[in-house]
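Visitor: Structure of the sequence below:
(chains A, B, C and D)
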Number of protein chains: 2
Amino acid sequence: MSEEAAPASPTASPVADDKAAAVLAGARTVFLSHGFSAATTDMIQRAAGVSKATVYARYRTKEDLFRAVIEAECSRHLANVRALETRSRTLADVLAALGQAYLRVVLAPEALALFRAVVGEAPRFPELARHFYQVGPNGFQAIVAQHLDRAAADAQVDFSLVGRDMAASQFVNLVRGEAQMQCLTHPGSIPSQAQCDQWVAAAVGTFVRAFARGGRADL
Amino acid sequence: MSEEAAPASPTASPVADDKAAAVLAGARTVFLSHGFSAATTDMIQRAAGVSKATVYARYRTKEDLFRAVIEAECSRHLANVRALETRSRTLADVLAALGQAYLRVVLAPEALALFRAVVGEAPRFPELARHFYQVGPNGFQAIVAQHLDRAAADAQVDFSLVGRDMAASQFVNLVRGEAQMQCLTHPGSIPSQAQCDQWVAAAVGTFVRAFARGGRADL
DNA sequence: GTCTATATGAAGATAGAC
DNA sequence: GTCTATCTTCATATAGAC
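Guide: The predicted structure is shown next:
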């Protein structure tokens, strides 16, 4: 009876799960390449290597499929953001390491494609856009805020002027701002590593100089 | 012969120009509301109050019409950015005035819609995206840079650490970053004036503290 | 130049065999 | 559950009268 040990779930079968994964993978490719409206179910069907009926057996509409893809991508994105860690000791080194890692995540082609799809379709899928904000920009800001707390506890810096959260937000935007804007408006051309290093170093320098306690700029 | 003074242009007639303007206005409304792919020529035709043939008499394809709309919107946007001026004397006051005005421009519903359309369709219309970058983010950065030059000449501030252009870019992103990201991911909800004031004040404070010469933070 | 009517193709979604 | 074949709707673009 070894072959009888099927899962209890009504829709679960080995082949069905494979097909479902193929559909999601194909839809991911197509939606991230073309956005929602320009993507067609024909393209998805072909990319997934299944028939159109199989797509509609799993997802009632194209909208549902788009939601599933974007939610999955947000989860991946969140995992990437959460994985950002550092063992550096000084605040400047911590921020530099976080900034470098964050730029790698944000400037990755799939992340830029996700941003395009989410922001471009935000009026039609507002809940997806809000979710993206939480796991992406706001998620990174929360990580930065934790590190700022530690540094403030050590009296290295003082955020009382604007508040810890505003300070964290400012660092995030110093790091991401120009880099992301250039990538979004210059599709295909990716910034060099040296360019990224320069953005991060400048962001860390400006941030630390602005908040260093007693004028010390070398934290 | 007063009625004979028609322009030499082969397509120019009063009624034709009116129709052309109506087409462009209708296309503007539709494209900014729905983006390129989700917009239909039927919607444009209805919004313009003309027939479909009139649309195609003026613009060969839907792509051409989209390009015309986005180019026109970029011109409006550039005019709005160029109109940003201030007579304030201290650098902090200048930056605060510029920042406030820039946020008003950038967070306007039409500007957000333009951003969505341009960035969402950037892979298909890369030249429009690059043009937008020039007139929008980069245009404002150039204005900021001019004011930074004056302040540096007065020895109020010192940008030698990162360079004037990088400093200007940092200010732009301190002002715009969080505000624009929130608006893009939370369609419909507009930040309060108090919220905008807080963003700008924090940006100016952080920027000036980072670059003030000799620790003076009250420029 | 502009309109009404339409050609032509492709989109999203389903029916029925296996 | 999956596929082939198809239905229906709607898209872009054009033809021909005025």
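Visitor: tell me which residues in the lengthiest helix in chain A are buried?
Guide: Under DSSP state H, the helix in chain A containing the largest number of residues is helix A:14-38. Neighbour counts using 16 or more other CB atoms under 10 Å in any protein chain shown place A:19-20, A:22-32, A:34-38 of helix A:14-38 among the buried residues. C-betas here are computed from N, CA, C, even on glycine.
Visitor: what's next to it, contact-wise?
Guide: With CB atoms under 8 Å, 6 or more residues apart in numbering or on different chains as the test, helix A:14-38 has contacts from A:39-40, A:43-50, A:54-55, A:58-59, A:62, A:65-66, A:68-70, A:72-73, A:110, A:113-114, A:116-117, A:120-121, A:124-125, B:34-38, B:120-121, B:123-124.
Visitor: out of those, which touch DNA strand D?
Guide: A:V50, A:T54, A:R58 (CB under 7 Å from any atom of the strand).
Visitor: Counting neighbours, which of those residues comes out on top?
Guide: A:V50 (19 neighbours; other CB atoms under 10 Å in any protein chain shown).
Visitor: Check the secondary structure at that one for me.
Guide: Three-state call for A:V50 (DSSP: H, G, I helix; E, B strand; the rest coil): coil.
Visitor: Next up, phi/psi of it, please.
Guide: A:V50 has phi and psi values of phi -130, psi 180 when expressed as degrees, to the nearest 10.
Visitor: For it, give me its contacts.
Guide: The neighbourhood of A:V50, defined by CB under 8 Å, 6+ apart, consists of A:K19, A:A22, A:V23, A:G26.
Visitor: Any idea how far the helix or strand harbouring A:Q146 is from the middle of the chain?
Guide: Secondary structure from DSSP states H and E places A:Q146 in helix A:137-153. Here helix A:137-153 is found 17 Å from its chain centre; the criterion is CA atoms, centre = their mean, to the nearest Å.
Visitor: Can you dump the C-alpha atoms of that helix in PDB for me?
Guide: Extracted C-alpha coordinates of helix A:137-153, given in PDB (Å, rounded to 0.1, in the frame of the first residue of the first chain):
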ATOM      1  CA  PRO A 137      11.200  49.800   1.800                       C
ATOM      2  CA  ASN A 138       9.600  49.600   5.300                       C
ATOM      3  CA  GLY A 139      11.200  46.200   6.000                       C
ATOM      4  CA  PHE A 140      14.600  47.500   5.400                       C
ATOM      5  CA  GLN A 141      13.900  50.700   7.400                       C
ATOM      6  CA  ALA A 142      13.000  48.500  10.400                       C
ATOM      7  CA  ILE A 143      16.300  46.700  10.200                       C
ATOM      8  CA  VAL A 144      18.200  50.000  10.000                       C
ATOM      9  CA  ALA A 145      16.200  51.300  12.900                       C
ATOM     10  CA  GLN A 146      17.300  48.400  15.100                       C
ATOM     11  CA  HIS A 147      21.000  49.100  14.400                       C
ATOM     12  CA  LEU A 148      20.400  52.800  15.100                       C
ATOM     13  CA  ASP A 149      19.000  52.000  18.400                       C
ATOM     14  CA  ARG A 150      22.100  50.100  19.500                       C
ATOM     15  CA  ALA A 151      24.400  53.000  18.300                       C
ATOM     16  CA  ALA A 152      22.200  55.500  20.100                       C
ATOM     17  CA  ALA A 153      22.400  53.400  23.300                       C
END
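Visitor: Enumerate the residues of chain A near DNA strand C.
Guide: A:A39, A:T40, A:T41, A:D42, A:K52, A:A53, A:Y56, A:R60, A:T61, A:K62, A:E63.
Visitor: shouldn't the third one be in contact with A:V55?
Guide: Same thing as A:T41. Yes: the criterion here is CB atoms under 8 Å, and A:T41 meets it with A:V55 at 6.1 Å.
Visitor: And those two? Which one has more around it.
Guide: The neighbour comparison of A:T41 against A:V55 (other CB under 10 Å) goes to A:V55, with 22 against 16.
Visitor: Where does the more buried one sit, in terms of helix or strand?
Guide: helix A:52-58.
Visitor: I'd like the mean pLDDT over that helix, please.
Guide: On average, the pLDDT along helix A:52-58 is 96.
Visitor: Quick one: distance of the following helix or strand past it to the chain centre.
Guide: From helix A:52-58 onward toward the C-terminus, using DSSP H and E, the following helix or strand is helix A:62-82. Distance, stretch centre to chain centre, for helix A:62-82: 9 Å (CA atoms, centre = their mean).
Visitor: which regions of chain A lie under the pLDDT threshold?
Guide: Applying pLDDT under 70 to chain A flags the ranges A:1-14, A:215-219.
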